[in-house]
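Asks: no sequence on this one, just coordinates:
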């Protein structure tokens with residue numbers, strides 16, 4: 001069966017790493033949009049305006065369809081890539097990690113930089129709270145009152161709690177179901193005429 005769980009952070013974390021005088025301050029944030037990425041990175045740049053580098057990486061979406069690695073002036077691949085590597089090694093999504101570097105006067109070399117950004121990113125994640133969550137699909141049902149009992153029976157049998165309801169001249173009901181369970185539930189409702197079922201989003 002296809003995995004329908006994922007990992008993200010539910011509490012943000014900060015970390016620190018030092019090597020040959022260079023200081024690396026790291027921050028792990030929960031982000032759901034690129035706009036939030038921009039807000040967080042700009043906030044860090046303002047707070048640490050005197051730092052030489054503000055490097056980061058992020059991954060957004062259940063397939064990490066939105067991602068970026070930024071070296072911010074460090075040699076190519078020496079900062080953003082090892083930061084992103086920590087996101088991947090922890091199997092995280094919807095996460096931004098920013099690492100701020102204060103140069104200590106001694107060059108670290110490519111290998112030294114890779115290790116420094118890796119350990120700084122790992123430090124931030126160690127102090128964050130990483131949580132496993134279920135991937136769910138959200139659907140909306142639209143039906144008439146005569147189908148109410150059948151709808152409620154299926155929801156109860158599948159152990160599904162509605163997210164919202166709107167019962168007026170007709171009925172609208174929104175629910176979330178685990179991804180691995182969603183195809184079966186969708187097909188059950190799809191066979192119920194004249195009920196309409198519409199996929200809304202993943203969460």
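Replies: Thanks, I have the structure now. Predicted model only: the values in this text are computed from it and were never measured.
Asks: for the protein, which spans come out with low pLDDT?
Replies: Under the criterion pLDDT under 70, the flagged ranges of the chain are 1-2.
Asks: do you have the helices of it handy? List them.
Replies: Secondary structure of the chain (DSSP state H): helices at 34-47, 80-89, 109-126, 148-157, 179-190.
Asks: list of residues touching the second one?
Replies: Spelled out, it's helix 80-89. Helix 80-89 is contacted from outside by 55-59, 67-72, 95, 97, 99, 114-115, 117-118, 120-122, 125, using C-beta atoms under 8 Å, 6 or more residues apart in numbering. Where C-beta positions appear, they are placed from N, C-alpha and C, glycine not excepted.
Asks: so for this structure, the centremost residue is which one?
Replies: The chain has residue 94 as the residue nearest its centroid, 1.8 Å off, counting by C-alpha atoms, centre = their mean.
Asks: give me the distance between the nearest residue to it once chain neighbours are set aside and residue 96.
Replies: Spatial nearest neighbour of residue 94, excluding adjacent residues (C-beta to C-beta, 6 or more residues apart in numbering): residue 8 at 4.9 Å. Relative to residue 96, residue 8 is positioned 11 Å away (C-beta to C-beta, to the nearest Å).
Asks: more neighbours, those two?
Replies: Counted by other C-beta atoms under 10 Å, residue 8 and residue 96 do not tie: residue 96 has more neighbours, with 27 against 20.
Asks: ok, the closest residue to the more buried one other than its chain neighbours - contacts?
Replies: The spatial neighbour of residue 96 that comes closest, neighbours along the chain excluded (C-beta to C-beta, 6+ apart), is residue 58 at 4.0 Å. By C-beta under 8 Å, 6+ apart, the residues touching residue 58 are 31, 37, 66-68, 87, 95-97.
Asks: how about these, which pair is most distant?
Replies: Taking C-beta to C-beta, the two most distant members of those are 66 and 97; they sit 14.7 Å apart.
Asks: which one's more surrounded, these two?
Replies: Neighbours per residue (other C-beta under 10 Å) separate residue 66 from residue 97, with residue 97 holding more: 29 against 16.
Asks: can you pull up the bridge partners for that one?
Replies: Here residue 97 sits in beta bridges with residue 28, residue 57, as judged by DSSP bridges.
Asks: pretty sure it sits against residue 124.
Replies: Yes - the pair formed by residue 97 and residue 124 meets the contact definition of C-beta atoms under 8 Å, at 5.9 Å.
Asks: need the overlap of contacts for those two.
Replies: Common contacts of residue 97 and residue 124, defined by C-beta under 8 Å, 6+ apart, comprise 26-28.
Asks: and those, which is closest to residue 41?
Replies: The closest of the shared contacts of residue 97 and residue 124, once distances to residue 41 are taken by C-beta to C-beta, is residue 27, at 9.6 Å.
Asks: list the contacts of that closest one.
Replies: Residue 27 makes contact with 12-15, 40, 44, 97-100, 124 under the criterion C-beta under 8 Å, 6+ apart.
Asks: and those residues as a markdown table, adding distance to residue 163?
Replies: Written out in a markdown table, the entries for the contacts of residue 27 read as follows (distance: C-beta to C-beta, whole Å):
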| residue | distance to residue 163 |
| --- | --- |
| 12 | 26 |
| 13 | 30 |
| 14 | 34 |
| 15 | 36 |
| 40 | 28 |
| 44 | 35 |
| 97 | 31 |
| 98 | 33 |
| 99 | 38 |
| 100 | 40 |
| 124 | 33 |
